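Undergrad: Sharing a model prediction with you, sequence too.
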Amino acid sequence: MTPDPRPPGMGSSRRDFVRQLGAGFGAVALGQLLARDQRDQPGRLDPKLLGRRPHHPPRARRVIQLFMNGGASQMDLFDHKPELFRRAGQPFDPGAGVRVEAPTSEPGKVLKPPFPMRQHGQSGRWVSDLLPHLAGCVDDLAFLMAMRSRTNVHGPASYLMNTGSLLPGFPAFGAWVSYALGSEADNLPGFVVLPDTKGLPYNQRGNFSAGFLPVAHQGTLVQAGAASPIPFLSPPASVPSVTTAASREGLELLQRWNQRHLEAQDPDSRLEARIQAYELAARMQLSAPEAFDLAAETPATRRLYGLERASSEDFGRRCLMARRLIERGVRFVQVWSGAGGPTGNWDNHGNIAKELPPMCLATDQPIAGLLHDLKARGLLEDTLVLWNTEFGRMPFAQSSEGRDHNGGTFVGWMAGAGVRPGVAHGESDEWSWKAARDVTTTYDFHATALHLLGLDHERLNLLHQGANRRLTDVHGEVIRAVLA
Amino acid sequence: MRLLTILLTWTGLALAASEPHWAYAPLRPGPVPVAAPASEPANPHPVDAFIRSALTAQGLEPAPEADRSTLLRRLHWDLVGLPPSPEDHRRFLADAGPLAYEREIDRLLASPRYGERWARHWMDAVHFAETHGHDQDRIREQAWPYRDYLVAAFNSDRPYARFIEEQVAGDVLHAGRPEATVALGMIAAGPWDESSLRDIREDTLDRQLGRYVDRDDMIGTVMSVFNSTTVQCARCHDHKFDPIPQADYYALQAVFSGVERAHRVFDQDPSVHARRQRWMRERRQAERGDPRLLEAPATRAEVTRWVRERQSHPVRWIPWDPQTFLSAAGAGLARLPDGSLRAGGLLPERDTYTLTRPAGVQSLRAVRAVQLEVLPDESLPHLGPGRNPQNGNLHLSEIELWVFRAGAPEAQRVRWARASASFDQDGWTAAHAIDGQEKTAWGIHPQEGQAHRAVFELAEPLEAKPGDQWSLVLRQAHGGSHLIGRFRVSMTDAPGSATRVVPPDIAGVVDRDPAGWTDDERRRVTWFVVRERLREQLAALPAPSRVYAAASDFEPDASLKPSLEPRVVHRLNRGEITQPREVVGPGTLSLVEALPARFDVPPGAEEGARRAALARWLAHPDNPLTWRSIVNRVWLHHFGRGLVNTPNDFGRMGERPSHPGLLDWLAVWFRDEAGGSMKALHRLLLTSATYRQCSQARGSGAALAADPDNRWLGRMNRLRLDAECVRDGMLRISGRLDLRMGGPGDRNFDLKPGIHVTPKVDYGLFDSDGPEGRRRSVYRFLFRTLPDPWMEALDCPAGDQLVPARDNSVTLQQALALWNHEFSLRQAGHWARALESEARPAFSTSPPGASPGSSGAGIDWDRIDWAGATLWVWGRPASEPERRELDQHARRHGLASACRLLFNSNEFLFVP
């Protein structure tokens, strides 16, 4: 355990209380419950945790991360390599006696992308014909063309991309951001995760846990389409005896007891915080469902996100929900495409030509729609949009039509707040086998995203188990080339 | 950045050289301070003497003693994790004896509930859970025995040194004790990356990386938990702040380089356990070719005996020609001139051959073995001897011999004793043809195209009775036309020692006089004889139990296989798998100067010797970290704050002890006076006046301002109940708690097969009123990547990180869970029913099972025991106004609603 990993005001009882005397106690208690944004109240911050305020003026105030679970194939989508067409069907030989290995299979022959790829926009970025809508947005995107992972295995790679560690137990990217900046919302969590309706991704909730940060910062799992999107927002139907009146009047009585109890004790911020929590809970019960209700959106908006087509309806709905959530002050929303398991995601071992198109169809229009919508509403100015996956795929075949995992090089892109549009940073080798020039490690990627949020990745840290832990471990360089 | 690192490293080392860090120095128990004020008792409690002397130095005063009800609540929650009942309150308050408080402590320490409470603290510390974590979050069916070990170890007050030894090397240091093997569950408690360590290709860097990372978790767990040291910081470079060179880190890697996380066998019966473990050890020795076993005089004698016995019974195989032979699937069977049968014609997927003739074999008095020869033939695919079109393989699922007795209504099946073959396909041995299971079979891949034979020994000699018929049945149920193509059957009366088919490499040797064997021949025969003997001895033991634990000897699971020798560990430059440097042998931290840091383990020793050396080092009286670490942990759980408040990190980045003299005094007292007894340590701490203080500071404001952290303990810390206490407390109060102990974890979720390995888990579909929802929380099944959201809202960890002390957060999610979750509401309902049935007049006519509080029909509201109800949750009877409030609310909204409020009150959740 560390001296005090709690956010300001959430600390070990009286110490914080004393520190907070004269600072408007009720507001503090309220703030800590939702890990609220407290930048405008610097006097209240724990000096030990000063590093948690923005370190420099932020360009981005919030994040939507689109995560393609399974390892999206870079050379079939964005990383154009003529060599793959020239050498298709030949044995893969990078020369110089370099050993070639694939994690789950015997390396096969060079496999060319089964779909055409073309250049688009002013920037002339290459995009597969599988992504026609996104192709129209390339001038808004900054591509990281040579990202590199430390592993070729889903579990550790997914942890690395989400928490900066190969091992479970570390705080997720979104948890760090929530911890650092708090939430802007009164009635919604700071970090919301929208999983594929088919199921959770590899590592399940391990990918969005708070690790050793306070549990308030963990990703709140919202099941799009569930009756109660936020867990336990109201009593279950299975216990019908709990009436609204009983809850309302009961809450009043409970608060009376807790208030009396509080007054009879030495000051303790936790007792006060619980009183506030119940009030907030009652308020959230009324207001939260509205955030998840897409009925208020116009038909045009729904079309924009691809909701009228069955193939893209699920992902589109969640992209639209993400926009509604950030509009209401949620700091970090993660939208997943693909569940864990061998099929129905981006882990296309068996047959690229058959398995990749449905994933593209499901996400292409929603993603482009999201970008257009954010732009039209002026939200792209201070919202960072990220498109990521845990690793790429091999330039040679697995069996004859699929591709195995490849942590050696893969592609991600960024858009929006503070991102230089229309650039591409880095280059893989002639095969798209390994990152070759201007490599972006997962640490560099996190450092860059934090930088845009006004955070210095080396100063956003927490003493835990003997070391100052941070999202970027002991690595990470901000990629200046993608900054506007 | 790099410059900074170097600077920090340099200053760290410089500091290390100049002034020894407190944690690594030998234990120096301060003299118990003598109280200055005359008002203090002459012989104060030693804990109080230290605490008060520090308080005095700070100009602070201790708080007065808490009232007795508060003390009773504290003791119960602290020691057994359950609330005192109204009856406990009455009994305790009525006991005016001077030792009533001490008696209560002893009563609670003797309760089995104590072990359940404290085992859970340990499970947090070692990040125990029952699935792998990672992307293939598979269930570990037998992880729970380790949890039961912990409960029993705390309840039986296992001396701490022994507790350490068992969990690190119990299989070696306490080999005769089954529970000491179960204790190795600690090393395997953490997550495991099944994809990297079992499923991807073995020849990849990812596999190697996976192994290093996996051991990193093992050593991190062991060194954090027992020594409060953060060794993992030395994986990539010498530790920046503590004197831990990289070499020490890799020496610890080498300690665990012979074990994997796997299900390993043990036996509840100590004598069976000892035998099985001895024979498994001998089997490993034989596999390794260890001369200490294979060249021992006793083994030589064993081999000589075996060969003599075999040679004294010459074997005559007499052909057994069936009168009728039939293929059940309709293939054609034809007899050839050499007495063999050959299958042809129709090629079915599966088949069964039945051969019959009158009982008896010419010139044999009794039959003791049956030989089945499978023979190549030009007509068969790839020359056979099987009919599989791809390769000529065959699979004999079962071979059966039946006796049809004249006049008897049913045939008798003859029991087999043993099977052996000239060649066994990997995983498809002749023994599989007599195991009663059609899924397993004898096969010969990849040695198709040549003759093989299998011999099946009978359990009892079989004599032919006149009029009997014998039938031999060959079941071939594997599918894919894995069928026998050409074969011949013969029988003999020679005993098993002589008929056993020996492998080709000793086939000629065993027929010769041992005196003439070369060394190599003797080695080969010895290896065979010893292995066969061990296989049979092990097979004859009763079925073992299994525990998920550190293991060097276990059933291979796909490409996860035991390593006969510890794997070679290299120091990795910058921690990079691609930059291996020198080989590192087993050892430990060099910062404990009193003890050698490298282990003198002889070459060829079992890997367990390495763990045993580490266990001894950890449990050694002269390892100061060990003893400081544990007394600090126990202190933290009782006082809510450690004397060192970074319980897993005593290094320079950790906190310095608030009371160094007390810490060392406690460590030495615990080690020497108490003999490592946890219960003695609890007793010592709980009987101090410091523990018995109330949580209101004397003179409040000024004292609070002077010591806001309560570092000097001028008052008691108010503690929030942890998740288990809240859940168990609700079940206890509602009358639903089931106190059955041990066994497989209760799965408080709906479980369905997932798309891939990870199952689909849904907590929402679980019926919390079912039998699996009522036991103590320590018996819940712990799913690593999908923890129970209700428990998680109350800061219950998921088992993905070491948790020496829980957070006690206050969050919106937590309020929602307690207020609205089905579990909370159901417990309120059960409690209401209990209160109602106590209050309902005996002549009530209301129908049984009426929903409580919804109607209130028949309830005598004035007889509701509100005093008892509030004693449960608040530790005090409700005041008159509170009683009125409860009564009014219950009359309007039902008793269950009132109970819901009580469960949600701050006074329930916080123990003053």
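TA: Received it, and whenever you're ready, just let me know what you need. Please read all numbers here as calculations on a predicted model, not as lab measurements. Residues are numbered from 1 along each chain as shown, chains lettered A, B, ... in the order given.

Undergrad: residue in chain B nearest to chain A?
TA: Ranked by CB to the nearest CB, the top residue of chain B for proximity to chain A is residue B:230, at 2.7 Å. Glycine gets a C-beta too; all of them are placed from N, C-alpha and C.

Undergrad: so what's that residue up against?
TA: Neighbour list for residue B:230: A:465, A:466, A:467, B:220, B:223, B:224, B:239, B:242, B:648, B:649, B:651, B:653 [criterion: CB atoms under 8 Å, 6 or more residues apart in numbering or on different chains].

Undergrad: Then residue A:426?
TA: Counted by CB under 8 Å, 6+ apart, residue A:426 has contacts A:144, A:145, A:146, A:147, A:435, A:437, A:438, A:439, A:440.

Undergrad: Tell me the one of the contacts of residue B:230 nearest residue A:358?
TA: residue B:220 (41.8 Å; CB to CB).

Undergrad: related to what we said a few turns ago, same list (the contacts of residue B:230) but as a markdown table, adding secondary structure.
TA: As requested, those are arranged in a markdown table below (DSSP: H, G, I helix; E, B strand; the rest coil):
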| residue | secondary structure |
| --- | --- |
| A:465 | coil |
| A:466 | coil |
| A:467 | strand |
| B:220 | helix |
| B:223 | helix |
| B:224 | helix |
| B:239 | coil |
| B:242 | coil |
| B:648 | coil |
| B:649 | coil |
| B:651 | coil |
| B:653 | coil |
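
Undergrad: What is the nearest of those residues to residue B:248?
TA: residue B:239 (8.6 Å).

Undergrad: Show me where the stretch 651-800 of chain B has its helices.
TA: B:660-668, B:678-686, B:689-692, B:701-706, B:723-733, B:789-793 (DSSP state H, counting those that start in this stretch).

Undergrad: Can you give me the buried ones in stretch A:99-112?
TA: A:101, A:102, A:103, A:104, A:105, A:107, A:108, A:110, A:111, A:112 (16 or more other CB atoms under 10 Å in any protein chain shown).

Undergrad: And stretch B:311-318, by the same measure?
TA: B:313, B:317.

Undergrad: do stretch B:276-287 as well
TA: B:276, B:277, B:279, B:280, B:281, B:282, B:283, B:284, B:285, B:286.

Undergrad: how about the fourth one, what does it touch?
TA: It refers to residue B:280. So residue B:280 contacts B:265, B:538, B:553 (CB under 8 Å, 6+ apart).

Undergrad: give me the subset of those touching chain A.
TA: With CB under 8 Å from any CB of the partner chain as the criterion, the contacts of residue B:280 include none near chain A.

Undergrad: how about these in a markdown table, adding pLDDT and distance to residue A:313?
TA: Formatted as a markdown table, those follow (pLDDT from 0 to 100; distance: CB to CB, whole Å):
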| residue | pLDDT | distance to residue A:313 |
| --- | --- | --- |
| B:265 | 97 | 52 |
| B:538 | 95 | 59 |
| B:553 | 96 | 53 |
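
Undergrad: need these in CSV with distance to residue B:576, can you?
TA: What follows is those, written out as CSV (distance: CB to CB, whole Å):
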residue, distance to residue B:576
B:265, 37
B:538, 43
B:553, 32
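
Undergrad: Just send these back as JSON lines, with secondary structure and distance to residue B:871 too.
TA: Output for the contacts of residue B:280, formatted as JSON lines (DSSP: H, G, I helix; E, B strand; the rest coil; distance: CB to CB, whole Å):
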{"residue": "B:265", "secondary structure": "strand", "distance to residue B:871": "49"}
{"residue": "B:538", "secondary structure": "helix", "distance to residue B:871": "58"}
{"residue": "B:553", "secondary structure": "coil", "distance to residue B:871": "54"}
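
Undergrad: out of these, which are buried?
TA: Among these, those classed as buried by 16+ other CB under 10 Å are B:265, B:538, B:553.

Undergrad: isn't the second one right next to residue B:277, touching?
TA: Translated: residue B:538. No - using CB atoms under 8 Å, residue B:538 is not in contact with residue B:277, being 10.6 Å away.

Undergrad: Give me the buried entries from the contacts of residue A:426.
TA: A:144, A:145, A:146, A:147, A:435, A:439, A:440.

Undergrad: How far away from the center of its chain is the helix or strand encompassing the fourth one?
TA: In this structure, residue A:147 sits in strand A:141-148 according to DSSP states H and E. Relative to its parent chain, strand A:141-148 has a centroid offset of 17 Å by CA atoms, centre = their mean, to the nearest Å.

Undergrad: hmm, back to that, closest one of the buried residues of stretch B:276-287 to residue A:420?
TA: The nearest member of the buried residues of stretch B:276-287 to residue A:420, counting by CB to CB, is residue B:284 at 61.6 Å.

Undergrad: Ignoring the adjacent residues along the chain, who's closest to the residue in chain A positioned nearest to chain B?
TA: In chain A, the residue that lies nearest chain B is residue A:466 (2.7 Å; CB to the nearest CB). Closest residue in space to residue A:466, ignoring its immediate chain neighbours: residue B:230 at 2.7 Å, by CB to CB, 6 or more residues apart in numbering or on different chains.

Undergrad: any idea of the pLDDT on that neighbour?
TA: pLDDT for residue B:230: 91.

Undergrad: With residue B:668 as the reference, measure out to it.
TA: Distance, residue B:230 to residue B:668, by CB to CB, to the nearest Å: 25 Å.

Undergrad: Over to residue A:216?
TA: 41 Å.

Undergrad: The two: who's more crowded?
TA: residue A:216 (29 against 19; other CB atoms under 10 Å in any protein chain shown).

Undergrad: Please look at that one and residue B:813 and confirm they touch.
TA: Yes - look at residue A:216 against residue B:813 with CB under 8 Å: they come within range, at 7.4 Å.

Undergrad: what do these two both touch?
TA: Contacts common to residue A:216 and residue B:813, judged by CB under 8 Å, 6+ apart, are residue A:189.

Undergrad: tell me how far stretch A:254-262 is from the chain's mean position?
TA: The answer for stretch A:254-262 is 39 Å, by CA atoms, centre = their mean.

Undergrad: Can you pull up the residues of the stretch 551-700 of chain B that come close to chain A?
TA: Residues of the stretch 551-700 of chain B lying near chain A (CB under 8 Å from any CB): B:641, B:645-649, B:651, B:653-655, B:695-697, B:700.

Undergrad: Drop anything exposed from those.
TA: By 16+ other CB under 10 Å, those give B:641, B:645-649, B:651, B:653-655, B:695-697 as buried.

Undergrad: burial of residue B:622, as a residue count?
TA: Other residues close to residue B:622 by other CB under 10 Å number 14.

Undergrad: give me the low-pLDDT residue ranges for chain A?
TA: Counting by pLDDT under 70, chain A has low-confidence residues at A:1-53, A:186.
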